[in-house]
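Novice: Please find the sequence and the predicted model below.
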Amino acid sequence: MSKVYTIGEALIDFIPDTRGIELKNVVGFRKEAGGAPANVACAVAKLGGSSAFIGKLGVDAFGDFLVETLEEAGVDTSFVLRTNEANTALAFVSLKADGDRDFSFYRNPSADMLLSEDEICGDRFAKGDILHYCSVDLIEAPVKYAHIKAIAAMKAAGGLISFDPNVRLPLWSNHEECRQTILQFIPQSHLVKISSDELAFITGIEDEEEAISSLFVGDVQAVVYTRGSEGAVWYTPHYQEAAPGQKVAVVDTTGAGDAFIGALLYQILLNEGAVSGIDAEKAQRMVSFANAAAALTTTRAGAISSLPVLQELPPL
């Protein structure tokens, strides 16, 4: 069976026990496994797909916890490396009253940043496989070049490249460097998932349709535009297909975007790992399924712990 490989950061999210207050005033936190690429690998596995996480963790208790969490979700951890040179990354999350969040990261450097290109072995990649990545680990560090090598290896194997920028500006000393780096990687990807609060920043274009059209560069075959509770739209150069969001009582939005793209990639695996050949009707069903996964995730606390299993979602 084809497999989704995700590459980048796995970290610990410390979630406050009280919402609607500033991070400095939070008294208690709950430890949760997180990091967008790790979340996506778990989302695919919990739905019944085959997934693996590629990354580096510290030789510490938090790294142990993350490996155990990934394995419990069904993720292949044989590509996870450990190091004594840095600790596992931490993120302290402040929940706003509406369930949205702010982040404070501790990673200067963290273990994930030290994954090097020499440690990427793509000989297990195959046609029909998918490599998914985000922008957090595209900072100027060894891990950026590990991404570049992994992307090249997956393309050489005939696999699909999926990119969710997942912008986290506090991790960048220069916001324009973040934007330019994302713009450099978009053309290397076949599928781009972008949210409504990222579109104008990344493209520099205020008009929504014009901004989305500008993303069809290089190898890009499809763009998925997510709009939170308003749903999402699947774009190709030939058609666009929207699926409305679901109204739910939001508890925590952490991991919702990862649940969405994980559910989407799971379905692409079922389509032989390709976005070509997906017509408008099938795209609408796929996006509706991903919307349902994201919505359900927001009704529960945490990231990986809140991800749904297949039986909780509407039939494909």
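Specialist: Perfect, I can see it now. Numbering: from 1, shown residues only.
Novice: okay, CA-based contacts and neighbour counts for the rest of this
Specialist: OK.
Novice: Please confirm that Ile205 is located within a strand.
Specialist: No - the assignment for Ile205 (DSSP: H, G, I helix; E, B strand; the rest coil) gives coil, which keeps it out of a strand.
Novice: Which strands and helices lie in contact with the biggest strand by length in the chain?
Specialist: Longest strand in the chain by number of residues (criterion: DSSP state E): strand 51-58. In terms of contacts (3 or more C-alpha pairs under 8 Å, 6 or more residues apart in numbering; DSSP states H and E), strand 51-58 is packed against strand 4-7, helix 36-46, strand 80-83.
Novice: how distant is that strand from the center of its chain?
Specialist: Relative to its chain's centre, strand 51-58 lies at 13 Å (C-alpha atoms, centre = their mean, to the nearest Å).
Novice: winner for burial among the helices and strands packed on strand 51-58?
Specialist: Neighbour counts (mean count of other C-alpha atoms under 10 Å) averaged over each of the helices and strands packed on strand 51-58 peak at helix 36-46, with a mean of 31.
Novice: what angle sits between it and strand 51-58?
Specialist: 140 degrees (axes from the mean of the first three to the mean of the last three C-alpha atoms, to 10 degrees).
Novice: Which strands or helices does helix 36-46 pack on?
Specialist: Applying 3+ C-alpha pairs under 8 Å, 6+ apart, we find helix 36-46 packed against strand 4-7, strand 51-58, helix 61-73, strand 130-134, helix 256-270.
Novice: Touching, Leu269 and Gly128? I think so.
Specialist: Yes - using C-alpha atoms under 8 Å, Leu269 is in contact with Gly128, at 7.2 Å.
Novice: list the residues that contact both of these two?
Specialist: Common contact partners of Leu269 and Gly128 (C-alpha atoms under 8 Å, 6 or more residues apart in numbering): Ser2, Lys3.
Novice: Show me the shaky parts of the stretch 1-150 of the chain.
Specialist: Residues of the stretch 1-150 of the chain that meet the criterion pLDDT under 70 lie in 95-102.
Novice: and Thr77, what does it touch?
Specialist: Contact partners of Thr77, counting by C-alpha under 8 Å, 6+ apart, are Ala52, Phe53, Ile54, Val67, Leu70, Glu71.
Novice: Now the closest residue to the fourth one other than its chain neighbours, what are its backbone angles?
Specialist: This means Val67. Spatial nearest neighbour of Val67, chain neighbours left out: Thr77 (6.9 Å); criterion: C-alpha to C-alpha, 6 or more residues apart in numbering. Main-chain torsions, Thr77, degrees, to the nearest 10: phi -110, psi 20.
Novice: my guess is Val59 contacts Ala89, does it?
Specialist: No - using C-alpha under 8 Å, Val59 is not in contact with Ala89, being 11.6 Å away.
Novice: The two: who's more crowded?
Specialist: Each of Val59 and Ala89 has its neighbours counted (other C-alpha atoms under 10 Å); Ala89 has more, 25 against 17.
Novice: Surely that one is in contact with Asp112?
Specialist: Yes - judged on C-alpha under 8 Å, Ala89 makes contact with Asp112 at a distance of 7.3 Å.
Novice: quick one: common contacting residues for the two?
Specialist: By C-alpha under 8 Å, 6+ apart, Ala89 and Asp112 have these common neighbours: Glu9, Ala10, Leu57.
Novice: Throw those into a markdown table and include distance to Gly273 and neighbour count, thanks.
Specialist: Shown next, in a markdown table, are the shared contacts of Ala89 and Asp112 (distance: C-alpha to C-alpha, whole Å; neighbours: other C-alpha atoms under 10 Å):
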| residue | distance to Gly273 | neighbour count |
| --- | --- | --- |
| Glu9 | 23 | 30 |
| Ala10 | 24 | 28 |
| Leu57 | 28 | 29 |
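Novice: Relative to Cys42, which of those residues is nearest.
Specialist: Ala10 (11.1 Å; C-alpha to C-alpha).
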